[in-house]
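1. what follows is a predicted protein model with its sequence.
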Amino acid sequence: MLAGRLVKLIEKNSEQLARELSEKVWSSPRCSDLRKVPPDELRARTREIYDNLSNWLMDKTEAEVEQRYTEIGARRAEQGVAYSHFLWAITATKEHMCAFVQREGLSDSAMELHGELELMHLLNQFFDRALYYTAVGYERERARIGSNLKRRREDHQKVYL
């Protein structure tokens with residue numbers, strides 16, 4: 001199956017892909033808020049996708065994707081990263097991976113083209129879910145932070161009344 005071969009090729013080149021993506025994201029003003037994230041953590045998240053792509057696409061259940069990406073969304077909210085910057089970084093990851101697939105796919109036959117299209121479908125599906133669940137985690141964390149601030153203000157006002 002060509003899709004599987006391309007996934008293995010992505011995993012094999014994960015270090016290079018992660019490095020290229022990190023340079024792209026770090027230099028983009030659309031992702032500048034990600035400087036609030038420790039560089040090691042950002043590199044680890046980037047490599048996590050590339051290193052384990054076959055698991056994310058073929059083996060992980062939606063519940064596992066939900067859990068992981070809700071956690072990441074909450075973490076970025078906690079770190080004070082603007083969601084637009086976070087969203088752009090995920091989109092850049094998807095685009096970088098799709099460009100690699102198009103460059104390396106080299107579809108010479110209808111079967112190979114079908115495999116490449118299958119992989120693109122799986123990538124789109126995965127990243128759509130990742131974006132949704134990061135938004136859910138981000139929103140929950142922002143709401144939690146907001147309610148904690150409100151509670152502290154109310155407690156502070158009670159002290160002075």
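-> Received the coordinates, thanks.
2. avg pLDDT for the longest helix belonging to the chain?
-> Once the chain is assigned using DSSP state H, the helix that runs over the most residues is helix 110-160. For helix 110-160, mean pLDDT rounds to 82.
3. against which helices or strands is it packed?
-> Judged by 3 or more C-beta pairs under 8 Å, 6 or more residues apart in numbering; DSSP states H and E, helix 110-160 is in contact with helix 2-12, helix 62-78, helix 83-105. C-beta: built from backbone N, CA, C; applies to glycine.
4. what's in contact with stretch 75-88?
-> 28, 30-34, 36-37, 73, 131, 134-135, 137-139, 141-142, 145 (C-beta atoms under 8 Å, 6 or more residues apart in numbering).
5. got the angle between the longest helix of the chain and helix 83-105?
-> 170 degrees (axes from the mean of the first three to the mean of the last three C-alpha atoms, to 10 degrees).
6. quick check: angle from helix 110-160 to helix 62-78?
-> Using the same axes, to 10 degrees: helix 110-160 against helix 62-78 is 50 degrees.
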